[in-house]
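J.: pasted the sequence and its predicted model underneath.
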Amino acid sequence: MFHPIGLPTSLSSLERTLVMGVLNVTPDSFSDGGLFKETQTAIDHGRNMVANGADIVDIGGESTRPGSERISQDEELSRVIPVITALADDGIAVSIDTMRADVARESVAAGAVIINDISGGKADEDMLPFVATTDLPFILMHWRGHSNVMAELTDYNDVAADVAAELRVQVETAVRAGVERNRIVVDPGVGFAKTTQQNWPLIQELEVIDELELPVLWGVSRKKFLGELLADTTGEFREMSGREAATTALTTYFALAGAWAVRVHDVRASRDAIEVVERLGRDHA
């Protein structure tokens, strides 16, 4: 595990997998939409996640659940900026989850220290040039299209190899735009333009993604493929609240593999799993 440059020292000094807590300031996100749509509720939840072990709070104002439609930029800004400002004022490391350059710009001005773009700079032609003007880490996800069309974009010859190849191309696009390579984190985009079954070989062959020689963020928390795996005898998918143990199992797997970070909803469970992995990795007393 190694860090991108540009992280706050409080994070770059850590030698374990980081925990990124998900904070959706939306009414319609797939897992917790509506729970934190009110500004103060969102701020309180962000603080609570840090108290429970989150290293980074990832704030997003636009749902990217399958089938979702885009909101206006003004709406996105009105949702995220007050929350970023409050948490950054507390000294919390905040990342902004956005596909819009102007939202990223305003969020950085408000105190965000990481830019997390699930489109990897593809959705807004101004994103990569803006990122290049900053000294911040940039999380670049594998992305083939917006949420309302991504279910139609799942053709792969070899999902892990194809995702790695497409990430490599987008990383080089970012570098040509002026983004320093050692500031980039890659995210394989589990659940985005992948069928539920395609997610498994992508995860099982994580060494293919590691060949990019960049820090890797894995976001699998509570996703549909886990609900399908844990379906009951009638085929009914496991509900969101019943997917935490499976999420934590994958956190353990990623931490053992040296992932840079995991992006999760229940930060306490994942942080505990990482602590166990770290203890097992120490020399015998």
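T.: That came through, no problem. These numbers were taken from a predicted model, which means no experiment stands behind them.
J.: how about Val262, secondary structure?
T.: strand (DSSP: H, G, I helix; E, B strand; the rest coil).
J.: let me fix that: Ile96
T.: Under three-state DSSP, Ile96 comes out as strand.
J.: any idea what sits nearest it, other than its immediate chain neighbours?
T.: When the adjacent residues along the chain are set aside, Ile96 lies closest to Ser107, with 3.7 Å between them (C-beta to C-beta, 6 or more residues apart in numbering). For glycine as for every other residue, the C-beta is placed from the backbone atoms N, C-alpha and C.
J.: repeat for Gly227
T.: In space, Gly227 is closest to Phe237, 3.8 Å off (C-beta to C-beta, 6+ apart).
J.: re earlier: the residue nearest to Ile96 against Pro82, yeah?
T.: No - using C-beta atoms under 8 Å, Ser107 is not in contact with Pro82; the gap is 11.2 Å.
J.: between those two, which one's more packed in?
T.: Neighbour comparison, Ser107 and Pro82: the larger count goes to Ser107, with 29 against 16 (by other C-beta atoms under 10 Å).
J.: pLDDT of the helix or strand containing Ala245, averaged?
T.: In this structure, Ala245 sits in helix 244-256 according to DSSP states H and E. For helix 244-256, mean pLDDT rounds to 97.
J.: what about the helices in the stretch 1-150 of the chain?
T.: 9-12, 39-51, 73-89, 101-110, 127-132 (DSSP state H, counting those that start in this stretch).
J.: and the longest strand for the chain?
T.: strand 18-24 (DSSP state E).
J.: elements contacting the helix holding Ala245?
T.: Identification of packing neighbours for helix 244-256 by 3 or more C-beta pairs under 8 Å, 6 or more residues apart in numbering; DSSP states H and E yields helix 224-229, strand 261-264, helix 267-280.
J.: let me have the ones you listed in a markdown table, adding mean neighbour count, mean pLDDT and distance to Ala101 as columns.
T.: Converted to a markdown table, those look like this (neighbours: other C-beta atoms under 10 Å; pLDDT from 0 to 100; distance: least, C-beta to C-beta, whole Å):
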| stretch | mean neighbour count | mean pLDDT | distance to Ala101 |
| --- | --- | --- | --- |
| helix 224-229 | 19 | 96 | 29 |
| strand 261-264 | 28 | 98 | 22 |
| helix 267-280 | 18 | 97 | 29 |
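J.: I'd like the ones you listed as JSON lines, with distance to Phe192 appended.
T.: As requested, those are exported to JSON lines (distance: least, C-beta to C-beta, whole Å):
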{"stretch": "helix 224-229", "distance to Phe192": "11"}
{"stretch": "strand 261-264", "distance to Phe192": "13"}
{"stretch": "helix 267-280", "distance to Phe192": "20"}
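J.: so which of the ones you listed comes closest to Thr134?
T.: Closest approach to Thr134 among these is made by strand 261-264 (19.1 Å; C-beta to C-beta).
J.: helices or strands up against that closest one?
T.: On a contact count with 3+ C-beta pairs under 8 Å, 6+ apart, strand 261-264 meets strand 18-24, strand 217-218, helix 244-256, helix 267-280.
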